[in-house]
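J.: How does the following fold in three dimensions:
(2 chains)
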Amino acid sequence: MMNSSPRPPEPAPGDVAIRAAGLVKHFGELAAVDGITFDLAPGRIYGLLGPNGSGKTTLIRLLTGMTRATGGHAEVLGVRMPDRANLARIGYMTQGDGVYPALTVGENAEFFAAAYGVADRGAVQAALALVELADRRTALAGTLSGGQRRRLSLACALVHRPPVLFLDEPTVGVDPLLRVQFWGHFRSLVDAGATIVVSSHVMDEADRCDELLFIRAGRVIARGSGDGLRAEAGTPDLETAFLHFAGEREVAA
Amino acid sequence: MNPRRLRAIIRRVVAEIRRDRPSLALLFIAPILVTGLLTFILREGSTPAVHVAVANAASGPAAVIGDRLASALSYAGMTVTQVADAGAARAMVRDGGATVAIVLPATMASPSASVTVITEGLDPSGDASQIGAVRGVLTDAVASSLGAVLPSVTHETIYGTPSDDPMAPFAPAIVAFFLYFFVYLLTGVSFLRERTGGTLERLMATPVSRGEVVAGYTLGFGVFATIQVAVLLAWALGTVHVPAVGPLPEFSLGLGIAVAGSPLIAFLVVLLLALGAVSLGIFLSTFARTELQVIQFIPVVLVPQFLLSGVLFSVSSLPSVLQPLVAIMPLGYAVDALRQVFIRGADLSVGALQADIAVLAVVAVLFAVVASWTIRRDVV
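T.: Numbers count the residues shown, from 1 in each chain, chains lettered A, B, ... in the order given. Next comes the predicted model:
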């Protein structure tokens, strides 16, 4: 595990780590994000759940400032995005691995550490240790297995110990054992004060989140804990709960 | 061969290329553009303005040939200035007052008599067209005046020596072009990988600025461009004799091209060109989705530069319609600068070279700014 603990969380005004205020993103005619508003308190794991194409990735890209909103705005730790300097306090694990195959594991992590402005060499070692790649430090990223590359990608996203982490489908293509480990890492980061937003279309991962946001067609159709949402929908599992809320919305529309 | 499988493969190949719209368009547009441009240059190439300085060393009755030649050249549409002697004629070509000079010998009758034609020497194909323009008139004038055949014609240049080495006039242009070509290709493909491999998105999620990315790429590739320039210049300029060993005959390595000026200035020029090529590669990678498309920009972007920058065709003989394009080709300034250094032996005090270097520096900076615009966080 990490031999140095994550940075303490930075106080956010009004105890809001992440704020979406009427976020809208159009791609031509398509509204990928269609008016999303929420406040997320720090120190919790939030799950963005929804099918492929529901707008989860676009929402994360809006929150991280990687794309400009057509309407509304996003704030992270009290700073309106996009904001280049604020990116030093944000970790972003993209859906693709986004690591350099011709660089070694260590070089990839060192590169992103430098990009985030981290001078502490121990940070790289700590991040690689967290994802259990410290012993593969000299291996070329291109020679890693899919799961190892995913772990390296995670290490690169948290090498600067960000108080806020966005993880876009972090467990896709990851074997069940590793998936359990990933969630263990996420929990330990949150215990140390971080705020994590994880997107997934796998409902059985959802119960590991403190709070869920069901996303469909660019809107949040329900929000609550796993148990809360099941109870509200009166269904035994989240899958049918999702369908319940999706149907309810359609009826309302 | 199984026809079903064969058909499946053919259909897949056709479908794939059909959906790659940019490649498909370039498949037709690029050859039409290149062959069209080439044909236009060859057919419509304008005869450059010819301004002849005529010096006649003959006196007495033979002096009349100078006047005859002058009027024949004027009649052929050239501007003619008669000057006192060979020295004055040379000075006029050197100072740009004349594009070509003809020095007639004291007597045509002597078997050793020779007419001297003098050109500047920086642009071999431009010089050739100048000589071609005056040669016919010269032959006719001499024949009609003296009833004699033209004595031998000697070609001299103000800078460098003609016909010494047929490669010498082309070497500067070719060094510049291939460097530009390979640096563009290397950067274009690398940066495309950065865009398509998801690492650029990743990088943009850090506090790194666009300027830092472009500067980092430019300096990173600059390391290799510097080595490449050094190796290429050493190869072009150097000659290393390898003595015979056993059955192997002796041979020499390197092109051994003479350089009149400082190789260091040549190095500076080519390096500036290479830095511009890095940004060009980053910029064009925005418009490519695949490595194939990066390569397909070559006939559209690089070949016209090759044709319009005086590498093969003299800039002065290009159709006048194309002259505005010629003025905006970065490669043209590098070719001219290298010719100034290689052939003329220009140093940094020469105005023409200063101007070329200034343009190359401005282009490198301008391209870097444009390239950084393409690395917007919201377009990766």
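
J.: contacts, neighbours, all on C-alpha from now
T.: OK.

J.: In contact with the residue nearest the centre of chain B, which residues?
T.: Chain B has B:Val311 as the residue nearest its centroid, 2.7 Å off, counting by Cα atoms, centre = their mean. Neighbour list for B:Val311: B:170, B:173-174, B:177, B:332, B:335 [criterion: Cα atoms under 8 Å, 6 or more residues apart in numbering or on different chains].

J.: Chain A: which of those residues is nearest?
T.: Set against chain A, the nearest of the contacts of B:Val311 by Cα to the nearest Cα is B:Phe177 (29.2 Å).

J.: what number of residues lie near the closest one?
T.: By the criterion of other Cα atoms under 10 Å in any protein chain shown, B:Phe177 has 24 neighbours.

J.: Any figure for the gap between it and A:Val131?
T.: Counting by Cα to Cα, to the nearest Å, the gap from B:Phe177 to A:Val131 is 48 Å.

J.: can you check A:Leu48 too?
T.: Distance of A:Leu48 to A:Val131, given as Cα to Cα: 23 Å.

J.: B:Thr374 - how many residues pack around it?
T.: B:Thr374 has 18 neighbours, counted by other Cα under 10 Å.

J.: So the residue nearest to the centre of chain B: helix, strand or coil?
T.: coil (DSSP: H, G, I helix; E, B strand; the rest coil).

J.: just the one 5 residues further on next, same as before
T.: Assigned by three-state DSSP, the conformation of B:Ser316 is helix.

J.: can you pull the pLDDT of it?
T.: With respect to pLDDT, B:Ser316 scores 79.

J.: what number of residues lie near it?
T.: 20.

J.: ok, now B:Asp165?
T.: Neighbours of B:Asp165 (other Cα under 10 Å): 12.

J.: Pretty sure it sits in a strand.
T.: No: going by three-state DSSP, the assignment for B:Asp165 is coil, not a strand.

J.: who has more neighbours, A:Leu48 and A:Val131?
T.: Comparing A:Leu48 with A:Val131 by other Cα under 10 Å, the one with more neighbours is A:Leu48, at 27 against 21.

J.: To what extent is the closest residue to the more buried one other than its chain neighbours buried, counted in neighbours?
T.: Leaving aside its chain neighbours, A:Leu48 sits nearest to A:Ser199 (4.4 Å; criterion: Cα to Cα, 6 or more residues apart in numbering or on different chains). Residues within reach of A:Ser199, counting by other Cα under 10 Å, total 26.

J.: Which pLDDT value belongs to A:Ser199?
T.: So A:Ser199 comes in at 93 (pLDDT).

J.: Can you name the helix or strand that it falls in?
T.: Per DSSP states H and E: A:Ser199 is located in strand A:195-200.

J.: Convert that strand to PDB, retaining C-alpha atoms only.
T.: This file holds the C-alpha atoms of strand A:195-200, laid out as PDB (Å, rounded to 0.1, in the frame of the first residue of the first chain):
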ATOM      1  CA  THR A 195     -13.800  12.800  -3.500                       C
ATOM      2  CA  ILE A 196     -14.200  10.300  -6.300                       C
ATOM      3  CA  VAL A 197     -16.600  10.200  -9.300                       C
ATOM      4  CA  VAL A 198     -16.700   6.900 -11.000                       C
ATOM      5  CA  SER A 199     -18.700   6.200 -14.200                       C
ATOM      6  CA  SER A 200     -19.800   2.700 -15.000                       C
END
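
J.: List the neighbouring strands of the following helix or strand past that strand plus their orientation.
T.: Sequence-wise, the next helix or strand downstream of strand A:195-200 (DSSP H and E) is strand A:211-216. Here strand A:211-216 has these sheet partners by DSSP bridges: strand A:45-49 (parallel), strand A:219-224 (antiparallel).

J.: Low-confidence stretches in the stretch 101-250 of chain B?
T.: For the stretch 101-250 of chain B, the stretches flagged by pLDDT under 70 are B:109, B:111, B:145-150, B:162-164.

J.: What's the end-to-end length of stretch B:306-326?
T.: Terminal residues of stretch B:306-326 are spaced 10 Å apart (Cα to Cα).

J.: err, stretch B:297-312, not the other one
T.: End-to-end distance of stretch B:297-312: 21 Å, with Cα to Cα as the criterion.

J.: Please work out which residues outside stretch B:259-267 touch it.
T.: Contacts for stretch B:259-267 (Cα under 8 Å, 6+ apart): B:160, B:229-230, B:233, B:237, B:337-338, B:341-348.
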